[in-house]
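In: coords below, sequence missing:
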């Protein structure tokens, strides 16, 4: 399948669309997309897609297919001038990351996979998940 650009809106008060362009596979086989709108490549937001196929035995897939999708958002350090008057190169202060992994048994049906593909984004968009767990780091209890 030919990779195409992915456009995602951020959560700013006035949302900004980020266009992630396909870059290709790294040496580990992970496919990468980059939003190249940051001033430095160290600050490029990225999407990773890693797929592992179920092993084939006697012509049939046995086991599970794994698809792991990641969103990586580095934040650069605020830089000052050095004593020589040159601005030091950009460095990453920290990187916010999220991963979603789909594990599909080789026996799963297309409907099973459609249900997961539809329900996972709904689950991540559910108010308790967003406000309490993701944003406020609250622990769940009974």
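Out: Cool, got the structure. Keep in mind that this is a model prediction, so the values were computed, not measured. Numbers count the residues shown, from 1 in each chain.
In: Spell out which residues make up each domain of this protein.
Out: As given by automatic domain parsing, the domain ranges for the chain are 6-108, 109-142.
In: which stretches of the chain have low pLDDT?
Out: Applying pLDDT under 70 to the chain picks out residues 80-85.
In: can you pull out the strands in it?
Out: Secondary structure of the chain by DSSP state E: the strands cover 6-9, 17-25, 31-35, 45-52, 56-57, 60-61, 64-76, 92-105.
In: Deepest in the core, which of the ones you listed is it.
Out: Greatest average neighbour count among the strands of the chain goes to strand 31-35 (a mean of 19), per mean count of other CB atoms under 10 Å. For glycine as for every other residue, the C-beta is placed from the backbone atoms N, C-alpha and C.
In: and the strands of the chain as TSV, adding distance to residue 137?
Out: Shown next, in TSV, are the strands of the chain (distance: least, CB to CB, whole Å):
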stretch	distance to residue 137
strand 6-9	23
strand 17-25	24
strand 31-35	26
strand 45-52	22
strand 56-57	43
strand 60-61	39
strand 64-76	17
strand 92-105	13
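In: Nearest to residue 130, out of these?
Out: When these are compared by CB to CB, strand 92-105 sits nearest residue 130, at 12.2 Å.
In: what's the angle from that closest one to strand 45-52?
Out: 30 degrees (axes from the mean of the first three to the mean of the last three CA atoms, to 10 degrees).
In: wait, doesn't residue 48 sit right on residue 95?
Out: No: counting by CB atoms under 8 Å, residue 48 does not reach residue 95; the two are 11.9 Å apart.
In: who touches both of these two?
Out: residue 72 (CB atoms under 8 Å, 6 or more residues apart in numbering).
In: by contact count, what packs against the lengthiest helix in the chain?
Out: Secondary structure of the chain per DSSP state H: the longest helix is helix 110-124. With contacts defined as 3 or more CB pairs under 8 Å, 6 or more residues apart in numbering; DSSP states H and E, the packing partners of helix 110-124 are strand 92-105.
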